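Trainee: 3D model of this:
(one chain, ligands or ions: 2)
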Amino acid sequence: MGQDRATDEVLEFIWSEREAGRSSVTALLEIEEVKEEADRSTLDAMSAEGLITVMGDVVTLTNTGETLAREAIRRHRLAERLLTEVLAMDPETVEKNACSFEHTLTPEVAESICTLLGHPPTCPHGLPIPKGNCCIATKSEITPLVNPLDQLKVGESGRIIFIVSKQHTRLDKLSTLGIVPGSTVHVHQKRPAFVLQIEETTLALDADIVKEIYVKRVAQ
Ligand SMILES: [Zn+2]
Ligand SMILES: [Zn+2]
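Mentor: Ligands and ions are numbered 1, 2, ... in the order given. Sure, this is the predicted structure:
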């Protein structure tokens, strides 16, 4: 389907508005990024194309619209992860680039990026990244560049690339322990408890926290 950029953007905003519990047409058309690319006639065209349904001030996605929005959101949030954590761009540059970058991603490239990043569950803003086929099928020719820390073997080290916890208190606690993107951790022991070493400190961490820390393996 020949889908243009404005359509993609509008679908993404309908999706993220819905995540925030909103579905108002008026509010949607007031969003700065939407205003730049779309107006009421865009919505009418999308409605005629069968992507959305507008009833009064309420906009909803049709099944087709849902599928396309899901893919667009997935590409956008994967692009954010890639630009933020792997390429270490600052937030402003990421915002500028994630939107244009996502439109150049084919489904295959999106899967490669997802796999490379260890199938991250959320974007840097903590919003969920819809799963792709790669996240469900485990076999892949691509070796992830980034993995959840619990996948490292005893004796291996990893540099922290990102942490996906949505709990701020947990993130704060981890950062006071020096567990922040950029630091290197060494897996000391995995059972019965997960013990890691960071600098001169040895720490035991809960299994569910360990899964939220994504690292890139490093040679000792
Ligand atoms: Zn985001
Ligand atoms: Zn994936």
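Trainee: packing partners for the helix or strand bottoming out on mean pLDDT in the chain?
Mentor: Every helix and strand in the chain was compared by mean pLDDT, DSSP states H and E; the lowest is helix 91-102, with a mean of 78. Judged by 3 or more C-beta pairs under 8 Å, 6 or more residues apart in numbering; DSSP states H and E, helix 91-102 is in contact with helix 63-81. Every C-beta, even on glycine, is put in place using the N, C-alpha and C of the backbone.
Trainee: Ile14: which element?
Mentor: helix 5-19 (DSSP states H and E).
Trainee: cool, Gly178 as well?
Mentor: Per DSSP H and E, there is no helix or strand for Gly178.
Trainee: give me the beta-bridge partners of the residue nearest to it when sequence neighbours are not counted?
Mentor: Closest residue in space to Gly178, ignoring its immediate chain neighbours: Ile198 at 5.1 Å, by C-beta to C-beta, 6 or more residues apart in numbering. Going by DSSP bridges, Ile198 is paired in beta bridges with Val185, Thr201.
Trainee: What about Ile198, how many residues nearby?
Mentor: By the criterion of other C-beta atoms under 10 Å, Ile198 has 17 neighbours.
Trainee: quick one: it and His186 touch, right?
Mentor: Yes: counting by C-beta atoms under 8 Å, His186 is a contact partner of Ile198 at 7.4 Å.
Trainee: tell me which parts of this protein are close to ligand 1?
Mentor: 80, 123, 125 (C-beta under 5 Å from the ion).
Trainee: just the buried members of the residues you listed?
Mentor: 80, 123 (16 or more other C-beta atoms under 10 Å).
Trainee: And for the helix holding Ile14, what's in contact with it?
Mentor: For helix 5-19, the surrounding residues in contact (C-beta atoms under 8 Å, 6 or more residues apart in numbering) are 23-24, 27-28, 31, 33-34, 37-38, 42-43, 46, 49, 51-52, 59-61, 65, 68-70, 72-73, 76, 99, 102-103, 127-128.
Trainee: Going by neighbour count, which of those are buried?
Mentor: Among the contacts of helix 5-19, those buried by neighbour count (16+ other C-beta under 10 Å) are 23, 28, 34, 38, 42-43, 46, 51-52, 59, 61, 65, 68-70, 72-73, 76, 99, 102, 127.
Trainee: Quick check on the residue nearest to the spatial centre of the chain: phi, psi?
Mentor: Closest residue to the average C-alpha location of the chain: Cys123 at 2.8 Å, with C-alpha atoms, centre = their mean. Taking degrees, to the nearest 10, you get phi -90, psi 170 for the backbone angles of Cys123.
Trainee: And the pLDDT for it?
Mentor: For Cys123, the model assigns a pLDDT of 92.
Trainee: same check, this time on the one 5 residues further on
Mentor: At Pro128 the predicted local confidence, pLDDT, stands at 95.
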